[in-house]
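A.B. asks: No sequence on hand, only this structure:
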């Protein structure tokens, strides 16, 4: 791809990713409602919500707290652009981490006990999923000999067949990454729980809208990574991403929230057993 | 070549001057002048000088042998009597054994061995010298301000500043010696001088506690020194040489025993598990000592040696064991750092962890690993020195180094707080230096031994946790505080500012350093070289540009927002910190970071890590022998 093509593609991604992410959020709410025998909101409700948030007054505890959210947003957009234009997958992961750290710092900056606990828990969750995500990238490298997303996507091999352990492990940490129960300890979607809204407690109006949109970008990136395991067959990749999304929803509705110890242990044991096991098999049976 | 000898000798001469001219003003002038000369001198070596690097240095070897041996025996005698006086018989025994090995080498083989190149410098030694020259000089300048305030605060310790600065410069001179020496006995001599400087500086306060810790450091480092002396004797008897460059170009099989012994010496010096306790203990020393000896330079001598041996260790079982020790140390030390709330201990554990990562690179020994390892040394030295000096400044101002008490530092000490954040960001965040290096390590591992990837991915996720929670503590503000950064000397700010600027500048300039120095060195050994691709470098630069915008927000406050008190369950009492409790009483809210001590307790994890690493070391020697 020429630099110009890359730039054009990046613009398309920046526009399209939040639309896709917002639609997914709408589907999420609709499906969750049906699982709970409710009718649920319209499909476009997330967009209506965000529009409404933009019109609301912005309330803060600390005047500088919102800047961190702006950086969170910008780096999340950057991450999506980097991933979908086919950049280096490790660099994508690092950019994603950088973005997430800005959100955590925003919560610290707000200096409120509920956002503080949310920030601490978010850090534990980040520590929990990071190894598995990196191991997934390593596994992809071992099969395709490249860390570049384009090369991985163009590989004729169906990665999921060589990397089943990594794929399952990745889906497990996706639950953490998408803030779903049983691992939604840092920022619950329901404000009546023990930490109120956790990490986003003190954010409102336009800033909260940006956090929401950033999460839409994030959802597309992480589902994109899951789809990468099936990239050799594009139709299967789409089906797989859909199945993963549905599965995570189901888990969200079935499980009760766990303590951080269980979340950390689940993610790390999965990474150590399935992830490392899979990598060893691939490496020694090469 | 004279300039190499000049760089070694100059700090030693300065040290003597500092011992003679004791008034504070004179000392300041000498230290600042010396710092400038040493920094410029070490940097000037990095400029291209045709033919310079290959010129051999001829000295009448037979005299020099005896001089080196004489100084070494004097050192051994000093340590021996130190051990007797303080009833530390193990120390005396180790000194005696090492002296015995040195004498045996000289008497049995001294006449037969020609040392062709006594001191020499290739690009790797020049990078190391540059680091020591710049960072060491800045720390010396910082110390001038710090030590004055230190003795004003701590009347209970005897003011021995002339000795302090004497040791600092002796240390700098011998560090240059370690990096320039090609003859192993000479290298060992400088190596032991740094050990002794470290011992004396850890014990600077003269309390029973500091003396105990100093002896712990001395004992463990002497153990490494003994292995070093053993390596020399073995090499002299089997290969008839005592030169580092000849050792490295030897056949892998024949060189395995001395390589393992030297790697062992390197691991003790770099505080790898199970020897890491001495570095933690060394934190009782005044903070510039921790910054200079115990994070940015002396401990780097150990990893320098291990990286030198990389070509010998590559693909061997002892090499894999070295890599496992490094990997295990990285993982365990990173996890332990989570449980620490003393800022200096966090830095100490993180130093041990990063040294582990470099040892891991040396043990792997491929061209990619070597490149990553050298890059790690460079970034870590600068950033960690900055962080240590910042913590020292914080302690000087507040008499504590508890991270919890750094809450609201962004208001109380804005400049210092931003510098700590630069340091922390530099340690783990994209696109800063340490992350670039960790990334390179990851790439090096996937090509050689993916099993070792486990240590890196789990360890680095732990580093993320403890650094961010520290950063968050600096940012959170629960009550308005007046900014007060008075009482910190201008010389301290100069050093802090310069180190911050270098930490950031390196992110932009490391490709240049890599292209001019690291890549030619690595290519010279392996014929191949690793580097970050240009595309990725551009993306990293964009990220850096974006992150660089962030500090603006420290000074801009958002308008058009409504400021309210933090949510306290609806029970706020006129503020963000006071709330009405269940019984109607007014309570104050408090926020403390998680330390997860039950899971990541220091005692349990260092025991587990120590046992594992000890086992790896046994296997290393078992296979090598």
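C.D. replies: Looks like it came in fine. Computed from a prediction, not measured in an experiment: that's the story for all the values here. Residues are numbered from 1 along each chain as shown, chains lettered A, B, ... in the order given.
A.B. asks: burial measure for residue B:544, as a count.
C.D. replies: In terms of burial, residue B:544 registers 15 neighbours under the definition other Cβ atoms under 10 Å in any protein chain shown. All C-beta spots, glycine's among them, are computed from the backbone N, C-alpha and C.
A.B. asks: Where does it fall, secondary structure wise?
C.D. replies: With elements taken from DSSP states H and E, the one containing residue B:544 is helix B:534-548.
A.B. asks: which strands and helices sit next to that helix?
C.D. replies: Packing partners of helix B:534-548 (3 or more Cβ pairs under 8 Å, 6 or more residues apart in numbering or on different chains; DSSP states H and E): helix A:65-84, helix A:89-110, helix B:490-513.
A.B. asks: Between helix A:89-110 and that helix, find me the angle.
C.D. replies: In this structure, helix B:534-548 runs at an angle of 10 degrees to helix A:89-110, with axes from the mean of the first three to the mean of the last three Cα atoms, to 10 degrees as the basis.
A.B. asks: What residues sit buried inside helix B:534-548?
C.D. replies: Neighbour-count burial for helix B:534-548, counted by 16 or more other Cβ atoms under 10 Å in any protein chain shown, picks out B:536-537, B:539-540, B:543, B:547.
A.B. asks: Now render the residues you listed as TSV, adding distance to residue A:29 and pLDDT.
C.D. replies: Putting the buried residues of helix B:534-548 into TSV (distance: Cβ to Cβ, whole Å; pLDDT from 0 to 100) gives the following:
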residue	distance to residue A:29	pLDDT
B:536	38	82
B:537	42	83
B:539	35	86
B:540	38	85
B:543	33	87
B:547	34	84
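A.B. asks: The stretch 1-150 of chain B: helices as residue ranges?
C.D. replies: Listed from the start of the chain, the stretch 1-150 of chain B has helices (DSSP state H, counting those that start in this stretch) covering B:2-20, B:24-44, B:61-85, B:89-109, B:123-153.
A.B. asks: mind checking which of those helices is nearest chain A?
C.D. replies: Of all these, it is helix B:123-153 that lies closest to chain A, at 25.2 Å by Cβ to the nearest Cβ.
A.B. asks: Give the buried residues for the closest one.
C.D. replies: B:123-151.
A.B. asks: Please apply the same query to stretch B:13-29.
C.D. replies: The neighbour-count check on stretch B:13-29 (16+ other Cβ under 10 Å) flags B:14-15, B:17-18, B:27-28 as buried.
A.B. asks: Could you list the residues in contact with it?
C.D. replies: Stretch B:13-29 is contacted from outside by B:30-31, B:34, B:144, B:148, B:161-163, B:165-170, B:173, B:491, using Cβ atoms under 8 Å, 6 or more residues apart in numbering or on different chains.
A.B. asks: Could you do stretch B:596-607 as well?
C.D. replies: The set of residues that contact stretch B:596-607 without belonging to it, under Cβ under 8 Å, 6+ apart, is A:124, A:261, A:264, B:273, B:276-277, B:332, B:335-336, B:338-340, B:462.
A.B. asks: which ones among those are found in strands?
C.D. replies: The members of the contacts of stretch B:596-607 all map outside strands under DSSP state E.
A.B. asks: could you dump the helices of the stretch 1-150 of chain B to a markdown table with mean pLDDT?
C.D. replies: Listed next are the helices of the stretch 1-150 of chain B as a markdown table, based on pLDDT from 0 to 100:
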| stretch | mean pLDDT |
| --- | --- |
| helix B:2-20 | 88 |
| helix B:24-44 | 91 |
| helix B:61-85 | 87 |
| helix B:89-109 | 91 |
| helix B:123-153 | 93 |
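A.B. asks: Can you say which of these is nearest to residue A:153?
C.D. replies: The minimum distance between residue A:153 and the helices of the stretch 1-150 of chain B falls on helix B:123-153, with 38.7 Å, by Cβ to Cβ.
A.B. asks: Which pLDDT value does the model give residue A:209?
C.D. replies: In the predicted model, residue A:209 carries a pLDDT score of 95.
A.B. asks: to the chain's geometric centre, what's the distance from the helix or strand where residue B:325 lies?
C.D. replies: Take DSSP H and E as the rule and residue B:325 turns out to sit in helix B:317-338. Between the mean C-alpha location of helix B:317-338 and the chain-wide mean there is a distance of 16 Å, by Cα atoms, centre = their mean, to the nearest Å.
A.B. asks: So which other helices or strands are in contact with it?
C.D. replies: Using 3+ Cβ pairs under 8 Å, 6+ apart, helix B:317-338 is in contact with helix B:252-269, helix B:310-313, helix B:343-364, helix B:453-475, helix B:597-600, helix B:602-624.
A.B. asks: Where does the prediction get shaky in the chain?
C.D. replies: Since no chain was named, I'll use chain A. A:188-194 (pLDDT under 70).
A.B. asks: my bad, chain B
C.D. replies: Residues of chain B that meet the cut-off, pLDDT under 70, sit at B:1-2, B:48-62, B:554-558.
A.B. asks: residue nearest the centroid of it?
C.D. replies: residue B:295 (2.6 Å; Cα atoms, centre = their mean).
A.B. asks: so what's that one up against?
C.D. replies: With Cβ under 8 Å, 6+ apart as the criterion, the residues that contact residue B:295 are B:347-348, B:351, B:380-381, B:384-385, B:388.
A.B. asks: Among these, which pair sits farthest apart?
C.D. replies: The largest separation in the contacts of residue B:295, counting by Cβ to Cβ, is between B:348 and B:381 at 15.1 Å.
A.B. asks: Secondary structure class of residue A:185, three-state.
C.D. replies: Put simply, residue A:185 is coil when judged by DSSP: H, G, I helix; E, B strand; the rest coil.
A.B. asks: picking that back up, residue B:282: which of the helices and strands packed on helix B:317-338 is closest?
C.D. replies: Comparing these against residue B:282 with Cβ to Cβ, the closest turns out to be helix B:343-364 (7.8 Å).
A.B. asks: What's the first helix or strand after the closest one?
C.D. replies: Moving toward the C-terminus from helix B:343-364, the next element (DSSP H and E) is helix B:367-398.
A.B. asks: is that following helix up against chain A anywhere?
C.D. replies: No: in terms of Cβ under 8 Å from any Cβ of the partner chain, no part of helix B:367-398 sits within range of chain A; the closest distance is 13.0 Å.
A.B. asks: Next, the angle from that helix to helix B:490-513.
C.D. replies: Helix B:367-398 runs at 170 degrees relative to helix B:490-513, counting by the same axes, to 10 degrees.
A.B. asks: Surely residue B:459 is in contact with residue B:353?
C.D. replies: Yes: look at residue B:459 against residue B:353 with Cβ atoms under 8 Å: they come within range, at 6.5 Å.
A.B. asks: Tell me which of these two has more neighbours.
C.D. replies: Residue environment comparison for residue B:459 versus residue B:353 gives the larger neighbour count to residue B:459, 27 against 24, counting by other Cβ under 10 Å.
A.B. asks: between whichever helix or strand residue A:32 is part of and helix B:534-548, how big is the angle?
C.D. replies: In the assignment (DSSP H and E), residue A:32 maps to helix A:3-35. Between helix A:3-35 and helix B:534-548, the angle comes out at 70 degrees (the same axes, to 10 degrees).
A.B. asks: So what angle separates the directions of helix A:3-35 and helix A:65-84?
C.D. replies: Between helix A:3-35 and helix A:65-84, the angle formed by their directions is 110 degrees, by the same axes, to 10 degrees.
A.B. asks: residue ranges of the helices in the stretch 151-286 of chain A, please?
C.D. replies: Ranges of helices in the stretch 151-286 of chain A, per DSSP H, counting those that start in this stretch, are A:159-162, A:164-177, A:205-228, A:234-254, A:260-270, A:276-284.
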